[in-house]
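Visitor: structure here, sequence nowhere to be found:
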DNA sequence: ACCGCTCTTGACCATCTGATCAAGAATTAA
DNA sequence: TTAATTCTTGATCAGATGGTCAAGAGCGGT
């Protein structure tokens, strides 16, 4: 519960400003992490005064949690779509593709989570141990099923999922490093996509 | 240049305390990043008073840079060892193995860099664009050579290196997430190692 | 024992930061 | 138009934070 106004329906201004705030907060928190970010920064970033911002979200932490929750759903959607009825290699290829495009199109969300998890996941630890673990276990079981049916090379499904997460999110989270090494060729992300899909789908081909 | 004492040789006490400080600073900076860490925290962490700590390193940033430099060398050593004269798959397998063990045995160093790069690499951007890029380009050329000789599947060498970095460092940087999902089985890192090596070396087998 | 240098610290400072509050401005529903 | 409600902000506060300083304690070479 982050709103200042309690039982009522949301005002036009309320909805509008909360959206402004969440957008600015994503910008700031994703860049500096929770402790490294200041309420002033967020306020400046959305053109509101600090007291006004704190009228909508009473505490800095409330803003943070709100941004996390607001972003979390989109972030896990692609994994939910992994379909036991599909062709294994197609499903996983599609997952990798979706993930890396998400990384390209919404790097701030990726960095927000990266900061949060890197610094101990204090705010979303419970979520990781609950709904996330559940989802991952469910999808890992599907992959395990594919493996046992001989439709995929035998690799540990959980670690496979980690491998997909890490390789795809790398391009958002370590953006600075990637660009330091590669410069900014226009086809960088396309090449990344091709390479990862080739590498992993070949590594997963049943044998 | 981070020392307070300039032209002289290091005192016993100096060497001893600087080591204490760097150790404590690694602990703190790797957990909270530069902006999220405080000098007091570091001082408390090594049992020195804040003014005393600032006698050895005049500014917070000096400590930070010192820790980064102190850690950077070890971190890149494994890639340097990638040998053009070796058997390609063996070389890469060994690199992956070394990297993931480094991640397991020195997760704080990994998280220190992760925080630094995630937040824009302000302190080591120049290093990334210089020596790091040079090293990566050199090793990518070796891999490219192997590919052209038909000894490795054709994947982009730079993106391959990123894939190895991201998958291996994932276990240090996103430790909190990994353990939230997997619990803490004793063989977690062994399984991770096996999976990554199987996945990538199979994906790289010439065809 | 002496002296110069290194080391340590309590007190202190300016600034930043999260948060509060009262009072006024704007909006909305009647 | 009016009155209740929502929204906005300048002023302010307490605590945290990076950093300084002067003075004293400790150490090493002679």
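Guide: That came through, no problem. Owing to the predicted nature of the structure, the values given are computational and were not obtained by experimental measurement.

Visitor: buried sites along the helix or strand harbouring residue A:22?
Guide: Under the criterion of DSSP states H and E, residue A:22 resides in helix A:12-36. Within helix A:12-36, the residues that qualify as buried are A:14, A:17-18, A:20-22, A:24-36, counting by 16 or more other CB atoms under 10 Å in any protein chain shown. (Each C-beta comes from the backbone N, C-alpha and C, glycine too.)

Visitor: what sits against residue A:178?
Guide: When contacts are counted by CB atoms under 8 Å, 6 or more residues apart in numbering or on different chains, residue A:178 touches A:170-171, A:188, B:162.

Visitor: 10 Å - rerun?
Guide: By CB atoms under 10 Å, 6 or more residues apart in numbering or on different chains, the residues touching residue A:178 are A:170-172, A:184, A:188-189, A:192, B:117, B:128, B:158-159, B:162, B:165-166.

Visitor: tell me the one of these nearest DNA strand D?
Guide: When those are compared for distance to DNA strand D (CB to the nearest atom of the strand), residue B:117 wins out at 20.3 Å.

Visitor: from residue A:170, how far out is that closest one?
Guide: 10 Å (CB to CB, to the nearest Å).

Visitor: settle it for me: which of these two has more neighbours?
Guide: Comparing residue B:117 with residue A:170 by other CB atoms under 10 Å in any protein chain shown, the one with more neighbours is residue A:170, at 26 against 23.

Visitor: can you tell me the helix or strand for the more buried one?
Guide: Going by DSSP H and E, residue A:170 is part of helix A:157-173.

Visitor: chain center to that helix: distance?
Guide: Chain-centre distance of helix A:157-173: 11 Å, with CA atoms, centre = their mean, to the nearest Å.

Visitor: pull out the buried positions in stretch A:149-159.
Guide: Neighbour counts using 16+ other CB under 10 Å place A:152-153, A:155-159 of stretch A:149-159 among the buried residues.

Visitor: and the furthest pair within those?
Guide: Maximum pairwise distance in the buried residues of stretch A:149-159, criterion CB to CB, is 15.2 Å, between A:153 and A:158.

Visitor: quick one: which of the contacts of residue A:178 is nearest to residue B:142?
Guide: Residue B:142 has its nearest neighbour among those in residue B:158, at 12.1 Å by CB to CB.

Visitor: buried among the contacts of residue A:178? Make that a PyMOL selection.
Guide: Restricted to buried positions by 16+ other CB under 10 Å, the PyMOL selection for these reads:
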select buried, (chain A and resi 170+171+172+188+189+192) or (chain B and resi 117+128+158+159+162+165+166)
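
Visitor: save the contacts of residue A:178 as a markdown table, and put in pLDDT too.
Guide: Shown next, in a markdown table, are the contacts of residue A:178 (pLDDT from 0 to 100):
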| residue | pLDDT |
| --- | --- |
| A:170 | 98 |
| A:171 | 98 |
| A:172 | 98 |
| A:184 | 97 |
| A:188 | 98 |
| A:189 | 97 |
| A:192 | 98 |
| B:117 | 97 |
| B:128 | 97 |
| B:158 | 98 |
| B:159 | 98 |
| B:162 | 98 |
| B:165 | 98 |
| B:166 | 98 |
